[in-house]
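no FASTA, just this:
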């Protein structure tokens with residue numbers, strides 16, 4: 001197995017790998033795929049948010065007053081790349097319900113594989129926020145790069161990218177465009193095919209989440 005690039009965080013926890021394997025199976029139903037993705041996103045959130053800033057607050061336990069630490073969820077922004085990013089977003093919000101949410105609509109031109117933007121909506125005061133961009137696949141990297149390009153125009157405090165699957169081509173493209181953005185993934189698959197799909201992969205994530213073709 002090739003070494004993991006320095007900017008990639010491979011989340012290889014047994015529960016993450018187990019659920020990803022079940023999602024890969026072609027016989028997995030839409031309902032099963034969606035449920036597994038939600039669970040997987042929740043598990044990955046623990047690793048992705050490991051270094052989130054904390055602050056001390058004073059609270060009352062049933063026995064006494066004490067100081068304890070909390071995160072400021074409102075400083076976090078989960079940015080979903082439509083449409084497939086929605087599947088990861090739901091799971092992450094169940095763990096960090098106070099996070100703000102941004103959306104960027106991109107579709108991949110079937111002829112050129114270039115990402116075309118059709119929607120962009122972010123919270124205010126992005127310069128005060130830490131952004132986590134989510135999309136199930138980092139394949140050609142075109143959509144991820146375009147999304148991060150736009151987000152960086154708003155000067156957030158930090159940007160991370162989270163996906164279920166990636167491949168050497170996607171990592172190389174993303175790293176060349178945004179070397180400062182760490183990539184969190186559950187697997188680095190073998191390669192892209194001629195149509196820009198990851199092999200062995202799990203097919204078209206959006207179609208499998210929403211039951212479309």
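Nice, thanks for sending it over. Computed from a predicted structure; not experimentally measured.

Only C-alpha atoms from now on, for both contacts and neighbour counts.
OK.

Packing partners of the longest helix anywhere in the chain?
If you go by DSSP state H, the chain has its longest helix at helix 30-48. Using 3 or more Cα pairs under 8 Å, 6 or more residues apart in numbering; DSSP states H and E, the elements in contact with helix 30-48 are helix 14-24, helix 85-95, helix 205-210.

Let's have the ones you listed in JSON lines, adding distance to residue 159.
Supplementary listing: the helices and strands packed on helix 30-48 in JSON lines, determined by distance: least, Cα to Cα, whole Å:
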{"stretch": "helix 14-24", "distance to residue 159": "23"}
{"stretch": "helix 85-95", "distance to residue 159": "16"}
{"stretch": "helix 205-210", "distance to residue 159": "23"}
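
Residue 36 and residue 145, how far apart?
Per Cα to Cα, to the nearest Å, residue 36 is found 27 Å from residue 145.

swap in residue 19?
27 Å.

Comparing these two, which residue is more hemmed in?
residue 145 (21 against 16; other Cα atoms under 10 Å).

wait, doesn't that one sit right on residue 174?
Yes: with contacts defined as Cα atoms under 8 Å, residue 145 counts as touching residue 174 at a distance of 6.1 Å.

Tell me which residues are up against the worst-scoring helix or strand of the chain on mean pLDDT.
Least confident helix or strand, the chain: helix 205-210 with a mean of 86, by mean pLDDT, DSSP states H and E. Residues from elsewhere that reach helix 205-210 (Cα atoms under 8 Å, 6 or more residues apart in numbering): 30-31, 33-34, 83-84, 87, 136-137, 212-213.

In PyMOL, how would I select just the buried ones from the residues you listed?
Applying 16 or more other Cα atoms under 10 Å to the contacts of helix 205-210, the buried members can be selected in PyMOL as follows:
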select buried, resi 30+33+34+83+84+87+136+137
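
Among the contacts of helix 205-210, which pair sits farthest apart?
Greatest spatial distance among those (Cα to Cα): 31 and 137, at 19.3 Å.

ok so, going back, mean pLDDT for the helices and strands packed on helix 30-48: which is lowest?
For these, mean pLDDT drops lowest on helix 205-210, to a mean of 86.

That one: how far from the chain's middle?
15 Å (Cα atoms, centre = their mean, to the nearest Å).

got a pLDDT number for residue 2?
Model confidence at residue 2, given as pLDDT, is 68.

Check residue 204 too.
Residue 204 is given a pLDDT of 85.

which residues sit in contact with it?
Counting by Cα under 8 Å, 6+ apart, residue 204 makes contact with residue 197.

Would you check how far apart it and residue 211 are?
For residue 204, the distance to residue 211 - Cα to Cα - is 10 Å.

now residue 106, nearest residue through space, not along the chain?
Once flanking residues are discounted, residue 106 sits nearest to residue 117: 4.5 Å by Cα to Cα, 6 or more residues apart in numbering.

Residue 105 is in contact with the one you found, correct?
Yes: using Cα under 8 Å, residue 117 is in contact with residue 105, at 5.7 Å.
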